[in-house]
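Enquirer: sequence and predicted structure are below.
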Amino acid sequence: MRLKESERTFTKNKDKVVVDTSALISCFAFGGIPKLAIEKVFKQAEIFISWDLLEEYRRTPLELYSAGKINREQLEIIISGIAIFVMEAKLVVPTTNLNICRDPEDDMLLECCLAAKANILITGDKDLLTLKKLPFSLDIITPRKYLEINK
């Protein structure tokens with residue numbers, strides 16, 4: 001069945017989003033603005049991850065727990081939340097190695113964004129937030145800014 005012009009609905013293209021580990025952990029461990037932003041991402045955007053980012057999602061909560069920065073309950077909530085989050089994510093395999101960030105470990109986020117053709121990276125990392133020139137188009141924003149632009 002074809003729709004008449006007046007019956008068609010036009011929707012905005014979904015954002016393609018990569019979420020930094022710190023923003024994701026803040027969402028599940030502490031709630032607040034990061035939680036609201038991640039909920040909105042979950043409902044409105046396409047989520048992308050890479051193998052390296054998935055490994056960081058797996059490793060970081062255990063490191064935080066071992067260091068005494070989160071308790072057992074927070075660890076369980078974070079692990080469960082991340083599991084649900086990544087079930088909705090699309091896996092990309094970066095083929096380009098970048099050397100852009102002051103912290104070389106942050107380059108894997110940008111590589112994931114490039115492979116996904118993501119238009120948004122959500123992070124609280126100041127090193128990433130202050131990047132000015134990238135070899136591709138990407139908005140690097142905080143969870144708060146994501147909420148502001150997606151009201």
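Expert: Now that the structure is in, tell me what you want to look at. Numbers count the residues shown, from 1 in each chain.
Enquirer: which element is I33 on?
Expert: Element membership for I33 (DSSP states H and E) is helix 32-44.
Enquirer: what mean pLDDT does that helix get?
Expert: The predicted model assigns helix 32-44 a mean pLDDT of 94.
Enquirer: that one: what's the following helix or strand?
Expert: Counting by DSSP H and E, the next helix or strand C-terminal to helix 32-44 is strand 45-50.
Enquirer: so which elements touch that following strand?
Expert: With contacts defined as 3 or more CB pairs under 8 Å, 6 or more residues apart in numbering; DSSP states H and E, the packing partners of strand 45-50 are strand 15-19, strand 90-92, helix 107-116. For glycine as for every other residue, the C-beta is placed from the backbone atoms N, C-alpha and C.
Enquirer: what pairs with that strand, parallel or antiparallel?
Expert: Here strand 45-50 is paired, per DSSP bridges, with strand 15-19 (parallel), strand 90-92 (parallel).
Enquirer: quick one, the first one and helix 32-44 angle?
Expert: Using axes from the mean of the first three to the mean of the last three CA atoms, to 10 degrees, the direction of strand 15-19 lies 140 degrees away from that of helix 32-44.
Enquirer: contact partners of strand 15-19?
Expert: Contacts to strand 15-19, defined as CB atoms under 8 Å, 6 or more residues apart in numbering, come from residues 38, 41, 44-49, 53, 85, 109, 112-113, 116-123, 150.
Enquirer: which secondary structure elements does the helix or strand following it sit against?
Expert: Downstream of strand 15-19, the first helix or strand assigned by DSSP H and E is helix 21-30. The contact analysis (3+ CB pairs under 8 Å, 6+ apart) places helix 21-30 against helix 32-44, helix 51-66, helix 72-87, helix 143-149.
Enquirer: sweet, I'm off.
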